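Chemist: sequence unknown, structure follows:
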């Protein structure tokens, strides 16, 4: 198991967004070489939903039923393989900047954040918004998240909430993220639950921006993206959901990770077929379910 990471660095986001970007206002905390290596071989953020997929029989159960933990879906093996190979090769495979939709989302994050701050103020949510890097789970060094930001109590400096920003590029993705209140089948449910667990908070503010008429307007803008703040605010309405932590789901996530951790460790130590190691791990914890509580506070 990896050694625990040091406390993540934190830098303040400036509320007054100047248009002169000749000076770097803050140290980059995500999408750097250091950030990539901190995620190597670990269960992370937006990928957590893959480890929670279930077989058809498991889909009829609820996460309150411990038996559901053992009904693993196809996505579990694939994600376990990815982490196993990263640990074995000690290489983080950079997929680049991804699709143009992904690049658009990264590009307009400052615009969504600006709108989110305005809405949080309107909602009378108090707290200082700060950008953060990778944050591991308190009890599980090999898992963690990279929240877009966190909210900190200005008086006692306690972390009070995480903040996740999402940019949609179609009404379909906007439907997936806003039409129904988020549940465990939601597109970003496990990611946001992971954020709350990592930061030991009970609240995540989930900000979602509507799609623009043409993402190229923002994606290929050659100047400071913040020049387009007014236009973005007019065509990409941002809404915020206040999500609550679910200990039941968080515990289920830790148990799934426990199963996959054993599979990887056995595979790297003994070799063989990873699929076999995964189902051996499932069988082991079926016989010793109490041992899955090792990562639960």
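Modeler: Here it is on my side, so go on. The model shown is predicted, which means the values in this text are computed figures rather than measured ones.

Chemist: ok, the residue lying closest to residue 268 once chain neighbours are set aside - how many residues close by?
Modeler: Across the structure, with CB to CB, 6 or more residues apart in numbering as the measure, the residue nearest residue 268 apart from its sequence neighbours is residue 88 (6.0 Å). From N, CA and C alone the C-beta is placed, and that goes for glycine too. Look at residue 88: counted by other CB atoms under 10 Å, it has 12 neighbours.

Chemist: any idea which element residue 88 lies in?
Modeler: helix 74-89 (DSSP states H and E).

Chemist: going on from that helix, what's the next piece of helix or strand?
Modeler: Helix 74-89 is succeeded, C-terminally, by helix 100-107 (DSSP H and E).

Chemist: just checking, what packs against that following helix?
Modeler: Counting contacts by 3 or more CB pairs under 8 Å, 6 or more residues apart in numbering; DSSP states H and E, helix 100-107 packs against strand 159-167, helix 216-219.

Chemist: so what's the residue count around residue 270?
Modeler: Number of residues near residue 270 (other CB under 10 Å) recorded here: 9.

Chemist: same question, residue 243
Modeler: 23.

Chemist: name all residues that make contact with it.
Modeler: 182, 192, 196, 203-206 (CB atoms under 8 Å, 6 or more residues apart in numbering).

Chemist: just confirm it is within a strand.
Modeler: Yes - counting by DSSP: H, G, I helix; E, B strand; the rest coil, one finds residue 243 located in a strand.

Chemist: what's across from it in the sheet?
Modeler: When bridges are called by DSSP bridges, residue 243 pairs up with residue 204.

Chemist: per-residue pLDDT, it?
Modeler: For residue 243, the pLDDT comes out at 95.

Chemist: what of residue 14?
Modeler: Reported pLDDT for residue 14: 30.

Chemist: same question, residue 273
Modeler: Looking at residue 273, its pLDDT is 95.

Chemist: which positions in the helix holding residue 88 come out as buried?
Modeler: Neighbour counts over helix 74-89 (16 or more other CB atoms under 10 Å) mark 76-77, 79-81, 83-87 as buried.

Chemist: on that earlier part again, right, and the helices and strands packed on helix 100-107 - which one's nearest residue 266?
Modeler: Closest to residue 266 of the helices and strands packed on helix 100-107 is strand 159-167 (CB to CB; 33.2 Å).

Chemist: parallel or antiparallel, which strands does the closest one pair with?
Modeler: Using DSSP bridges, the strands paired with strand 159-167 are strand 149-152 (antiparallel), strand 203-209 (parallel).

Chemist: can you redo those as CSV with mean pLDDT?
Modeler: Below are those laid out as CSV (pLDDT from 0 to 100):
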stretch, mean pLDDT
strand 149-152, 96
strand 203-209, 97
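
Chemist: to residue 134, which of those lies closest?
Modeler: strand 149-152 (12.7 Å).

Chemist: buried residues, that closest one. List them.
Modeler: The neighbour-count check on strand 149-152 (16+ other CB under 10 Å) flags 149-152 as buried.

Chemist: also stretch 41-55?
Modeler: 41-45, 47-54.

Chemist: same check on stretch 284-296?
Modeler: 284-285, 292, 295.

Chemist: that one: end-to-end distance?
Modeler: Between the opening and closing residues of stretch 284-296 there is a gap of 18 Å (CA to CA, to the nearest Å).

Chemist: show residues contacting it.
Modeler: In contact with stretch 284-296 (CB under 8 Å, 6+ apart) are residues 66, 69-70, 137, 139-140, 251, 254-255, 257-259, 262.

Chemist: out of these, which sit inside helices?
Modeler: 251, 254-255, 257-259, 262 (DSSP state H).

Chemist: which single one of these is nearest to residue 110?
Modeler: For those, the nearest to residue 110 is residue 257 (32.5 Å; CB to CB).

Chemist: neighbours of that closest one, how many?
Modeler: Neighbour number of residue 257 under other CB under 10 Å is 22.

Chemist: same check, this time on residue 281
Modeler: For residue 281, the count of nearby residues is 23 (other CB under 10 Å).

Chemist: whichever strand or helix holds it to helix 74-89, inter-axis angle?
Modeler: If you go by DSSP H and E, residue 281 is part of helix 274-287. Taking axes from the mean of the first three to the mean of the last three CA atoms, to 10 degrees, helix 274-287 and helix 74-89 form an angle of 110 degrees between their directions.

Chemist: I'd like the numbering to begin with 492 instead of 1 from here.
Modeler: Got it, the first residue is 492 from now on, which makes the last one we talked about helix 765-778.
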